[in-house]
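A.B. asks: Sequence first, predicted model second:
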Amino acid sequence: MPIEFTHVPGKPANSSFFYDFAETATRLSLIEDAGFRRLVVDDPAGLLTNMDIAAQTLDRTGSLEVVLTHWAGVIEPTVAARQLAALDRKSGGRLSLRMLSEPLEDSDAEARPVGHGVVWQRIDEYLVLLKRLWSNDRPFDHEGAFYSVRGGFVPRKGPHGADLAIRLGGQSGTALKVAGKHADVFELAAGSPDEVAQLMQRVRGAAAEHGRAGRLRFALPVRIHPDGWTGTPDHKAVEIAGSPPRVALALLPYAALGIEEFMIGGIDRASEIARIGRETITLVANSLARREAEVRQPGAFASRSFAEHRAG
């Protein structure tokens, strides 16, 4: 199965990948041409800015999919459902929703105890409401632990309807229960191939409880350091230093686990984006295609391994 690559823009302290959209438009074109399938929109300014950036990105690209970072509790589900449906229509089906867990607001903390479980309970209820609003054909009422809805209805649905792809992550049992219920794509945590394989198995088990194990896709966040790296890991992404061929070689054991998407961060300069596309993405795709061909036709190809490629 082909591997897909997603570009994750960096978040500099005093600026943004999207700060100058004239320059950003050039980089978006380069990202699209380099072979990246998706772009993560996760701006430091927050949710409403993310929605605006997503709309501009969709306007300026033809095939690039937008992964919109979102948080429960920032805006009401009925408002979010309408705005996301509008973006889905604008995108022509190129939108997915990436839900992150964030602490409850202080105003909420006064009404109920704040904790990890509470955060995920709210995400669960929020996603249930979004899906109902994207699929119902008549207004409905809802009274839950976190949200009260009267006459909830979205008249103009997006092309995905309630099937808009949802992306979740996490490692706790509570997070995995919610992911098993809702996630179409699960964003894995950093770890060795063995550790990542164990987490994938736990996620599949959680999804199987809802009859959804076969619907899950896995994405691995990867941070690339083209010029070498002596820093501290960010604990969220697998860290790889070195040339594009070395990066490709390091990704192959993860691809062998059944991961279908690599979320690539750390390469925001135009030259880096172009080289990763020209070398890393191409090498990974060619290597996996060759392995699949060898499986289909044993003995038809030499047993030359990917490691024989120049790695420096």
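C.D. replies: Here it is on my side, so go on. Numbering: from 1, shown residues only.

A.B. asks: List the buried residues for the host helix or strand of residue 84?
C.D. replies: Mapping residue 84 onto the secondary structure by DSSP states H and E places it in helix 77-91. Going by neighbour count (16 or more other CB atoms under 10 Å), the buried part of helix 77-91 is 77, 78, 80, 81, 82, 83, 84, 85, 87, 88, 91. Backbone N, C-alpha and C define where each C-beta goes, glycine included.

A.B. asks: would you list those in CSV and tack on pLDDT and distance to residue 129?
C.D. replies: Rendered in CSV, the data for the buried residues of helix 77-91 read as follows (pLDDT from 0 to 100; distance: CB to CB, whole Å):
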residue, pLDDT, distance to residue 129
77, 95, 4
78, 95, 8
80, 95, 9
81, 96, 7
82, 96, 12
83, 94, 14
84, 95, 12
85, 95, 13
87, 94, 17
88, 93, 16
91, 89, 21
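
A.B. asks: Tell me which helix or strand comes right after the helix holding residue 84.
C.D. replies: Scanning forward in sequence from helix 77-91, with DSSP H and E defining helices and strands, the next element found is strand 95-100.

A.B. asks: helices or strands up against that following strand?
C.D. replies: Counting contacts by 3 or more CB pairs under 8 Å, 6 or more residues apart in numbering; DSSP states H and E, strand 95-100 is packed against strand 65-71, helix 77-91, strand 165-169.

A.B. asks: Scan this protein for its longest strand.
C.D. replies: Taking residue count as the measure and DSSP state E as the definition, the longest strand of the chain comes out as strand 217-225.

A.B. asks: now for it, which elements pack on it?
C.D. replies: Strand 217-225 sits against strand 185-187, helix 193-208, strand 238-241, helix 244-255, strand 261-265, with contacts defined as 3+ CB pairs under 8 Å, 6+ apart.

A.B. asks: still on that earlier bit, rebuild the buried residues of helix 77-91 as a markdown table, extending it with distance to residue 32.
C.D. replies: As requested, these are arranged in a markdown table below (distance: CB to CB, whole Å):
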| residue | distance to residue 32 |
| --- | --- |
| 77 | 32 |
| 78 | 33 |
| 80 | 27 |
| 81 | 29 |
| 82 | 28 |
| 83 | 24 |
| 84 | 23 |
| 85 | 25 |
| 87 | 18 |
| 88 | 20 |
| 91 | 14 |
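
A.B. asks: if we can go back for a sec, could I have the CA atoms of the helix holding residue 84 written out in PDB?
C.D. replies: Below are the C-alpha coordinates for helix 77-91, written out as PDB (Å, rounded to 0.1, in the frame of the first residue of the first chain):
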ATOM      1  CA  PRO A  77     -20.600  22.400  18.400                       C
ATOM      2  CA  THR A  78     -23.500  23.900  16.300                       C
ATOM      3  CA  VAL A  79     -21.300  26.800  15.200                       C
ATOM      4  CA  ALA A  80     -18.300  24.500  14.600                       C
ATOM      5  CA  ALA A  81     -20.400  22.100  12.600                       C
ATOM      6  CA  ARG A  82     -21.700  24.800  10.200                       C
ATOM      7  CA  GLN A  83     -18.200  26.300   9.700                       C
ATOM      8  CA  LEU A  84     -16.600  22.900   9.200                       C
ATOM      9  CA  ALA A  85     -19.300  21.900   6.700                       C
ATOM     10  CA  ALA A  86     -18.700  25.100   4.800                       C
ATOM     11  CA  LEU A  87     -15.000  24.400   4.700                       C
ATOM     12  CA  ASP A  88     -15.700  20.800   3.600                       C
ATOM     13  CA  ARG A  89     -17.800  22.100   0.700                       C
ATOM     14  CA  LYS A  90     -15.100  24.600  -0.200                       C
ATOM     15  CA  SER A  91     -12.500  21.900  -0.200                       C
END
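
A.B. asks: Report the distance from that helix to the chain centre.
C.D. replies: The chain centroid and the centroid of helix 77-91 are separated by 18 Å under CA atoms, centre = their mean, to the nearest Å.

A.B. asks: Contacts made by it with the rest, please.
C.D. replies: Defining contact as CB atoms under 8 Å, 6 or more residues apart in numbering, one finds that helix 77-91 is touched by 51, 54-55, 58-59, 65-66, 68, 70, 75, 95, 97, 126, 129-130, 133-134, 147, 149, 152, 154, 156-160, 164.

A.B. asks: Including distance to residue 259, could the helices and strands packed on strand 95-100 go into TSV?
C.D. replies: Formatted as TSV, the entries for the helices and strands packed on strand 95-100 read as follows, by distance: least, CB to CB, whole Å:
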stretch	distance to residue 259
strand 65-71	16
helix 77-91	25
strand 165-169	13
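
A.B. asks: Thanks a lot, catch you later.
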